[in-house]
Structure formats: structure tokens, C-alpha cells
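Chemist: Provide a 3D model corresponding to the input given below.
(chains A and B)
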Protein chains: 2
Amino acid sequence: MAFTTNATISAFGGRFLKLTHQSASTSTPMNLTLFLPGAASATTPAPLLVYLSGLTCSPDNVTEKGFLHAHAAPLGLALLFPDTSPRGTDLPGEHDAWDFGSAASFYVDARTDPWRRHYRMETYLTQELPRLLFESFAELDRGRVSISGHSMGGHGALTLFLKKPGMYRSVSAWAPIANPSRCPWGEKAFGGYLGDDREEWKRHDATELVKGWKGPLNCLVDVGTGDNFYKQGQLLPESFEKAVEEAGIEGVNVRYQEGYDHSYFFISTFGEDHVRHAAKALGLL
Amino acid sequence: MAFTTNATISAFGGRFLKLTHQSASTSTPMNLTLFLPGAASATTPAPLLVYLSGLTCSPDNVTEKGFLHAHAAPLGLALLFPDTSPRGTDLPGEHDAWDFGSAASFYVDARTDPWRRHYRMETYLTQELPRLLFESFAELDRGRVSISGHSMGGHGALTLFLKKPGMYRSVSAWAPIANPSRCPWGEKAFGGYLGDDREEWKRHDATELVKGWKGPLNCLVDVGTGDNFYKQGQLLPESFEKAVEEAGIEGVNVRYQEGYDHSYFFISTFGEDHVRHAAKALGLL
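Modeler: Purely as a prediction, here's the structure:
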């Protein structure tokens, strides 16, 4: 077993496993939480919904406040909550700001020093972590995976889905940073992790990536109209919508939820819809 | 309006109000959270389920992690989360231990100095707070109220229900401190707040109070068998069950949930059952 189990918690007939392992991709320990529904077993393995968290979060926030497991458990859907960055390093400036460095990886493989040695989240999430998980947990069905995320994690979910056709059956996002090349959070993060070449940025921006997508896109997005980060222009879902429309892509459902904010109250309120969106794509509904 | 609204948060089609007011009972400011379902209005006022929190908690814990509102919202049930003690005072020793003083009121009216001036939670919860709430919120139905709680709050819910026949339509508790006169937490709290007279303690102990109950008792209790506080003898639900049985009281349903702990994961897993237990008694089901 590649993972150390730090806690096992019963919930909704299943169990949360708080796990740690040493990552070859990031050369650091990595934390994650896995929810296994009660029905999951080696003979009836559960499909998996990956949820990527937003800035400042660890896997604990969504575990405690997202309530996705309440909806996933009766459907027989497993959940994976990876961390938002490597931990345990102390690179210059890594812990100085809440929107860059620790808990703010933006889920890319960094190209600049000192980040490129450890901040390799794309490789970690799309190669190393699924390989180790499916090797270690026979209760998981490696052939059926979807992805979702919130805010920075919504950016991560959309971009990983678009970069890796066929890896995920569906994608959904709450309040995603949908056009990071053109918002303050994204400019800071991409400049820091990727350098000054804005052509490179396009390869990690959902609004740019979607322009090259072929076929329908199984995508649900929710944005709260009371979300201050939306109002401040950090999310830019309209840019993503416009790119989708201009590319003539079908299947994208962007919803604006009146009065909702950026918090886990927003995430949990629409959690059932996102879980069911994934469950449908994964053959559970 | 007696209350100051510190935050309004949209969730599940309703809204949380984080409120503060100056209490005449405690001579301190008091915090509380109120959840109003979307259907509540002055013409269709919502019945109310009071939830009393456990040791160390504020109203925020259950608001963020209890998930009771997810089940209450579609039923049209309002929720009230009072605080676990007065705040803002600095009595000798008040903040030294997590099981006595601040966030550990045990929901009694203290009889000893220095506590009796401020720690008047029974009067606050059964007289002042409902009066102010129903005066201020026409969306609430003063004639339909139930009570519930967790751990110390389960003790509070059971004892207030038993002390005030007719005030609440039903009671439920997760992992209640069911016989505080005979467990370390209760002995410390009752000794501190009530003094050395163990006859007085009996007037605040659910297992003692239930012996005098007449008629059926509309009561649901859940206890996790993996709960370390249960294993350590802090909860003693069997004492309560034995008293109920010996008194020949019907309607009490005590369930032991295999493997569940004392946490909000336990509370939220069985939250729907407790919400529906109250909703049924309140005429919503």
C-alpha cells in the first residue's frame, strides 16, 4: 500500500480515509481524502468523482463542509479530494500569500524556478495519483472517472478534462476561474509558475483550451450571482461561455444562481446536481 | 428588531442569518444562527427545530458541518442554533478548560458564584430567546417548536423537554450526556454550576427527570458505537434507557449506530432522521 491511513471516519454508510503518501511527482508528502461508499468492493468497484478544491483549502474543507458524500453514498460513487498543493517545503515566498504557493498550485506543472521541482500537480493528478490509487484500492473502478472542482479547483477540473480527452467521463465546476489569463489571480499564478510567455498560459486556460475541443462537452457549471469574486472579475464564466458558443460546442450548461456566494454553502447547495451529473456520465443513473 | 444581523448566507433555497443580541438573562451579548427555509413567510410561518450544540462549539459548527438545513429546507422547517454559553465575560477560570465555562454551559441556570449572574442558559433558552425570536420573525410559528441537540446539547435538549412539558412537540439527541450526575463531565459541570447538593443535580439530569414523566415521550436518540466518549462512560445512554423502561414510558427510540464516532460526520449522517422526527411531530409530514 502506497498510502498511510491517518484516519478512518464512518459517514453515510461509507467511510472517509484520510491518506498521506510520498509523491515522486512533487518530491513531497501529499495528503488526500478518499470517500468509499458502503457498496464499494473488489467485486463491485465504485466509479470515482475527483473534486479539486479552491485557494486556501486542504482536503478537509470539502470533507467537512461540501456534503458531496451525502449524495454520492446512496449512488455508490466514490470521491477523491486531493490537496491544493505540495506541502512540507519552504520555498522563498511559498507561504507569504493565500493566492500563490502553498494551497494555491493552480494544478499546473510549474516551469519556473524554484517551483518546477515540487509544483508538478498536473503530472501528479493525471498520472501518479490515479495509478497509485487504483493499484491500492480494488474498490475503485479505474475505467470510470469524472472530475469536478471549485474556484481554482474548477479551473483545474476544466483544464485537466480539456487537456486529457478520454480520461474523464464528465466535468463540472462551481465558480471556476474560467479564464485565468485575464484575471488577477490567474495572472499572478501563471506568471509565477509558468513565466512570462502568454502563449504558454493559453495551454492552461479553460477558455482558450475549449476553443480546440471537438464534439460535445459534458459540462455543468454553477456560479453564484452574490459571489464577490465573480463580481470582481476573477471568474469570468462569460468568457468561457462565449468561447463555447463560438466554437459551436454542445452539452455545456452554465447556470447563474441568484444570491449565492463563493462558500461551501453554495457548493453544498448544488452538490447533489454535480454528483448526479457525474453519476449519470459514469453509468450510475 | 432585538437582533443585529452579522451575515446572511443563501443555502438550499433558504437563508442563514447570523445574529447577535444583548441578553437580559445572561447580561451579555449572545450569538445564534437562524435558518429560514425559502417557503417561510408571515402568512405561512415555519415551525422551528432548536438544535443545542456540544462542548467547545459555537453556532458556526453545526451551521457549517451539520447539514440539517439540507433536510429542513424542502420540508419548510426553520432551524435555531443557539450558542453554548454566554460570551464576552472573563470570570475566574472561565476559559481555562474546554469542558467548563465558556462553550460549556450545560444549559442550566447556575446557582453558584461567580456563574449565576451570567450562566443562566435555561432561562435564556426557554423564556427570553423564544420571546424575542417570535416577536422579531413573523416567518416563525411560535406554536410549533421541537428541540434537539448533540452531546452536551443532547443533555440540554432532553432536560429542557422534560422540564417544560408542552413547550416542545418532540425531542431528539445525538450522543447525549444522558446521565450527567454519574459521569466525569457532568460531575464537574454540575458541581461547578449547581454546587454540592446532589439532590439539586437530579433536577437537571435526563435519567432522573424521565422517571417522573407521564405519558408517551416522542424521543429519538442515536449513539455511535465507535464514539470514544461513549466508550469512556461520559454518555451513559443505557442509564436513560433503563429509567425509561422502568417507568414504562413509550415512544423512546434509542439506536446504536455501528462504528460511528462523536463528530459532525455522525450528526450529519443521521441528520435527516432527526429532522424528519421533528417534522412529523410539527405537522410537516
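Chemist: So, low pLDDT: which residues of the stretch 51-200 of chain A?
Modeler: In the prediction, the stretch 51-200 of chain A carries no residues with pLDDT under 70.
Chemist: For it, which residues are neighbours of chain B?
Modeler: Taking C-beta under 8 Å from any C-beta of the partner chain as the criterion, the neighbours of chain B within the stretch 51-200 of chain A are A:64, A:65, A:67, A:70. In this view, the C-beta of every residue, glycine as well, is placed from N, C-alpha and C.
Chemist: what's the neighbour count on the closest residue in space to residue A:68 that isn't next to it in sequence?
Modeler: Once flanking residues are discounted, residue A:68 sits nearest to residue A:271: 4.9 Å by C-beta to C-beta, 6 or more residues apart in numbering or on different chains. As a burial measure, residue A:271 scores 24 neighbours (other C-beta atoms under 10 Å in any protein chain shown).
Chemist: Do I have it right that residue A:271 meets residue A:67?
Modeler: Yes - taking C-beta atoms under 8 Å as the definition, residue A:271 is a contact partner of residue A:67 at 5.5 Å.
Chemist: quick one: the helices in the stretch 101-250 of chain A?
Modeler: Under the criterion DSSP state H, counting those that start in this stretch, the stretch 101-250 of chain A carries helices at the ranges A:121-123, A:129-136, A:152-163, A:184-194, A:198-202, A:206-209, A:228-231, A:237-246.
Chemist: In CSV: the ones you listed, plus mean neighbour count.
Modeler: Shown next, in CSV, are the helices of the stretch 101-250 of chain A (neighbours: other C-beta atoms under 10 Å in any protein chain shown):
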stretch, mean neighbour count
helix A:121-123, 21
helix A:129-136, 17
helix A:152-163, 27
helix A:184-194, 19
helix A:198-202, 14
helix A:206-209, 24
helix A:228-231, 15
helix A:237-246, 18
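Chemist: hmm, back to that, just the residues of the stretch 51-200 of chain A next to chain B: which are in helices?
Modeler: When those are checked against helices (DSSP state H), the matches are A:64, A:65, A:70.
Chemist: Can you flag the buried ones in these?
Modeler: Buried members of these, scored by 16 or more other C-beta atoms under 10 Å in any protein chain shown, are A:64, A:65, A:70.
Chemist: I'd say the second one and residue A:268 touch.
Modeler: Yes - at 6.7 Å, residue A:65 counts as touching residue A:268 under the criterion of C-beta under 8 Å.
Chemist: Can you classify residue A:273 as helix, strand or coil?
Modeler: Using DSSP: H, G, I helix; E, B strand; the rest coil, the structure places residue A:273 in helix.
Chemist: Excluding residues flanking it in the chain, which one is nearest it?
Modeler: Per C-beta to C-beta, 6+ apart, closest to residue A:273 is residue A:220, 6.8 Å.
Chemist: residues contacting that neighbour?
Modeler: When contacts are counted by C-beta atoms under 8 Å, 6 or more residues apart in numbering or on different chains, residue A:220 touches A:170, A:171, A:172, A:173, A:253, A:255, A:273, A:274, A:277.
Chemist: give me every residue that touches the residue of the stretch 101-250 of chain A found nearest chain B.
Modeler: Nearest residue of the stretch 101-250 of chain A to chain B, counting by C-beta to the nearest C-beta: residue A:226, 6.6 Å away. Contact analysis of residue A:226 by C-beta under 8 Å, 6+ apart lists A:258, A:259, A:260, A:261, B:10.
Chemist: and with 10 Å instead?
Modeler: A:257, A:258, A:259, A:260, A:261, A:262, A:263, A:266, B:8, B:9, B:10 (C-beta atoms under 10 Å, 6 or more residues apart in numbering or on different chains).
Chemist: Those, buried ones only, as a PyMOL selection?
Modeler: The command below creates a PyMOL selection of those among the contacts of residue A:226 that count as buried (16+ other C-beta under 10 Å):
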select buried, (chain A and resi 257+260+261+262+263+266) or (chain B and resi 9+10)
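Chemist: Which ones among the contacts of residue A:226 lie within helices?
Modeler: Per DSSP H, the subset of the contacts of residue A:226 in helices is residue A:266.
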